[in-house]
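Asker: Dropping the sequence and predicted coords here.
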Amino acid sequence: MPRPGQVKSSAVERLSDRIALGVLTRAFPPELVDEVVAECGRVEQRRRLLPARVVVYFVLAMCLFSGQGYEEVARLLTCGLENQRWEETWRVPSTAAIGRARLRLGPEPLKALFARVCRPVATETTTGAWYRGWRLVAVDGTTFDLPDTDANDAFFGRPGSSRGQRRGAYPQARMTAVVECGTHAVFAAEVGPLSVHETVLARRLFGRLAAGMLLLAGRGFVGFDLWRAAAASGADLLWRVKNSAVLPVVEPLDDGSYLSEIVAARDKNRRADPITVRVIEYTLDDGAAGTVYRLITTILDPQAAPAAELATLYAQRWEIETTLDEIKTHQGGPRLVLRSQHPAGVEQEIFAFLLVHHALRDLMYQAAQQAGRDPDRISFTRTLHVVRRHVTGQAALSPLPARPGPGTRPA
């Protein structure tokens, strides 16, 4: 019998109610995880050792502890739970059981969680996130090496060697993402086979753009149709173009830039249906001859954004390169090869990496706001190490109160 003021342990209390992962359960509360699992139709029909909520947190945990094996991640996730009293004795699931649970879950709940949570996080006072009222964002692509399985090879494909004689050692998945430059928060992403160009994936992301954003992109993204699709989102654009691009001077401007027109490759001879752009050309003194840069932008008024300022601003595009390095090299580890043996697991795992990164970056942003500092001045690697240490100490603490069973006296 419980003493007065005590709550009797419930026989129906679930393992999933006892899991806490510090920053991860803060960023992705259990109630939200349950919502997206239900929306995606992944609620289990019978009690399992690994219910869907636990599997979601397991996938997140394996992308936080990327150097650890499946069973060790499960131990970290449920540290201390083996000493608790349960309806059944808790045991760490086998690697095969975890693999089957991941396949049952699929990528949809992780993608839905990403869509619900991952947003730009900078406020008007965030240092380095803005230019004259525009929120700075950037788009770029990368690839992930995958386990060499027939399923991954058939779906994702693999690159050719540099000599064109042999294929690459690993299949690769392609990902294109949009990042908030000032905070490194990834808020849009698409994954596809290696044969799908990054610009094709990028077009699917433009629905996440909005008026008041300034989208930066490198030379690989310029194209008439892609430019038109990105501009239709309401965001402004500042993209680098190849020096060979034909950009006739339509009207010189006082700040050294000029108005020009771009047309679709199919209309180059007739120059039909042109789009007016503003061109900024400048040289960086990085060698004997220097590197010539050509930028085009939707901001046509030099008073709104002078050419010299836009030329300086373009360097912010490299923030997305740093973001991808954080995910792949620091969070994932040097020479990262994903764990997943099947295409659905690959997509699930990539979105889990993005979710964990977003949780870390949001934590860094909150710390920077409280200290009045630029989020870029806080070490990502140190934050990652701190979070990993704290997770193992918090895993046995419940983020939710125990669920009272029949006859339980309330406290």
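Answerer: Perfect, thanks for sending it. Numbers count the residues shown, from 1 in each chain.
Asker: what pLDDT does Arg135 get?
Answerer: With respect to pLDDT, Arg135 has a value of 98.
Asker: which residues touch the nearest residue to it once chain neighbours are set aside?
Answerer: Distances taken as C-beta to C-beta, 6 or more residues apart in numbering place Met213 nearest to Arg135, at 4.8 Å, with adjacent residues excluded. (Glycine included, C-beta is placed from N, CA and C.) Contacts for Met213 (C-beta atoms under 8 Å, 6 or more residues apart in numbering) come out as Trp134, Arg135, Leu136, Val137, Ala235, Asp236.
Asker: Kindly present the residues you listed as a markdown table, with separate columns for neighbour count, secondary structure and distance to Val37.
Answerer: Shown next, in a markdown table, are those (neighbours: other C-beta atoms under 10 Å; DSSP: H, G, I helix; E, B strand; the rest coil; distance: C-beta to C-beta, whole Å):
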| residue | neighbour count | secondary structure | distance to Val37 |
| --- | --- | --- | --- |
| Trp134 | 20 | strand | 37 |
| Arg135 | 21 | strand | 32 |
| Leu136 | 24 | strand | 34 |
| Val137 | 29 | strand | 30 |
| Ala235 | 21 | coil | 33 |
| Asp236 | 21 | strand | 38 |
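Asker: Just give me the closest of those residues to Ala352.
Answerer: Val137 (22.4 Å; C-beta to C-beta).
Asker: thought the closest one was touching Arg208?
Answerer: No: in this structure, Val137 is not within contact of Arg208 by C-beta atoms under 8 Å, at 9.2 Å.
Asker: overlap in contacts of the two?
Answerer: Val178, Phe187.
Asker: Go ahead and confirm His358 touches Ala188.
Answerer: No: applying C-beta under 8 Å as the test, His358 and Ala188 come out as separate, 11.4 Å apart.
Asker: between the two, what contacts are shared?
Answerer: Common neighbours of His358 and Ala188 (C-beta under 8 Å, 6+ apart) are Cys118.
Asker: Disregarding residues adjacent in the polypeptide, which is nearest to Asp387?
Answerer: Just to correct that, residue 387 is Val rather than Asp. Val23 (5.2 Å).
Asker: what about the closest residue to Ala217 other than its chain neighbours, which SS state?
Answerer: Residue nearest to Ala217 in three dimensions, not counting chain neighbours: Trp239, with 4.3 Å by C-beta to C-beta, 6+ apart. Using DSSP: H, G, I helix; E, B strand; the rest coil as the criterion, the local structure at Trp239 reads strand.
Asker: could you measure Gly182 against Leu295, distance?
Answerer: 20 Å (C-beta to C-beta, to the nearest Å).
Asker: Which one's more surrounded, the two?
Answerer: Taking neighbours as other C-beta atoms under 10 Å, Gly182 and Leu295 compare with Gly182 leading, 25 against 22.
Asker: Wasn't the more buried one part of a strand?
Answerer: No: assigned with three-state DSSP, Gly182 falls outside any strand and is coil.
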